[in-house]
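S.K.: Pasting the sequence and the predicted model now:
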Amino acid sequence: MAGTLTLTILKPDALQNGHTGKIIDHILGAGFRIRAMKLIHLTAAQAGQFYEVHRERPFYGDLVKYMSSGPCLPMLLEKANAVEDFRATIGATDPAKAAEGTIRKLYAQSIEANAVHGSDSDENALREAAFFFSELERV
Ligand code: IDP
Ligand code: MG
């Protein structure tokens, strides 16, 4: 059975461009409950660790620089079928390919500065949740 948790990050471009409130409203409107959230400014080392799986990709260096360029807002979200439903809510990685009405279509700047992260599996959702939040920081 699909899990009920997924991890998102409102990325630096979303915060810098003033989209924080609208994106949170969109997420709540799509039926997700916020179980934890935290405003933080990642170091390059922390951003590199979070995106460890992409270390060999050509965009990794730029991605780490971008993710540590300003504050971001990780949130732990809960809903039935959380991972798949949230990926549908945010749309494709490249906003040019994202479906109408998705968060990335509405708010992303580029394939790199694409407004939000979404876990790609239940296993990664749990790993990413533990990366940002202790049990005590969850409600
Ligand atoms: P996802 O965020 O839709 O799961 P991933 O392939 O896991 O996409 O890539 C992680 C992040 O790396 C993307 O959200 C985006 O910020 C960045 N990224 C992915 N592909 C590219 C690319 O081709 N050029 C630049 N940045 C990219
Ligand atoms: Mg991914």
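M.R.: Now that the structure is in, tell me what you want to look at. Ligands and ions are numbered 1, 2, ... in the order given.

S.K.: What's the mean pLDDT across stretch 15-30?
M.R.: Per-region confidence: stretch 15-30 scores 98 on mean pLDDT.

S.K.: Show me which residues of that stretch are buried.
M.R.: 15, 19-20, 23-24, 26-27, 30 (16 or more other Cβ atoms under 10 Å). In short, each C-beta sits where N, CA and C put it, glycine included.

S.K.: Would you mind listing the outside residues contacting it?
M.R.: Contacts to stretch 15-30, defined as Cβ atoms under 8 Å, 6 or more residues apart in numbering, come from residues 8, 10, 14, 34, 70-73, 75, 77, 79, 85-86, 89, 103, 106-107, 109, 115-116.

S.K.: and the residue nearest the centre of the chain, what helix or strand is that in?
M.R.: Centroid-nearest residue in the chain, with Cα atoms, centre = their mean: residue 117, separated by 2.2 Å. For residue 117, the host element (DSSP states H and E) is strand 116-118.

S.K.: For that strand, which helices and strands make contact with it?
M.R.: strand 5-10, helix 82-90, helix 103-107 (3 or more Cβ pairs under 8 Å, 6 or more residues apart in numbering; DSSP states H and E).

S.K.: And the last one, what does it pack against?
M.R.: Based on contacts counted as 3+ Cβ pairs under 8 Å, 6+ apart, the elements that helix 103-107 packs against are helix 20-29, helix 82-90, strand 116-118.

S.K.: Can you give the strand pairings for the shortest one, parallel or anti for each?
M.R.: Strand 116-118 has the following strand partners under DSSP bridges: strand 5-10 (antiparallel).

S.K.: So is the strand it pairs with next to ligand 1?
M.R.: No: applying Cβ under 6 Å from any ligand atom, one finds strand 5-10 out of contact with ligand 1, separated by at least 9.4 Å.

S.K.: what about whichever helix or strand comes after that strand and ligand 1, any contact?
M.R.: Downstream of strand 5-10, the first helix or strand assigned by DSSP H and E is helix 12-16. No: Helix 12-16 stays clear of ligand 1 (Cβ under 6 Å from any ligand atom), getting no nearer than 9.4 Å.

S.K.: how about the CA coordinates for helix 12-16, as PDB?
M.R.: Taking C-alpha atoms only, helix 12-16 is exported to PDB below (Å, rounded to 0.1, in the frame of the first residue of the first chain):
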ATOM      1  CA  PRO A  12      14.900  29.500  -2.900                       C
ATOM      2  CA  ASP A  13      13.400  30.900  -6.000                       C
ATOM      3  CA  ALA A  14       9.800  30.400  -4.600                       C
ATOM      4  CA  LEU A  15      10.700  32.300  -1.400                       C
ATOM      5  CA  GLN A  16      12.700  35.000  -3.200                       C
END
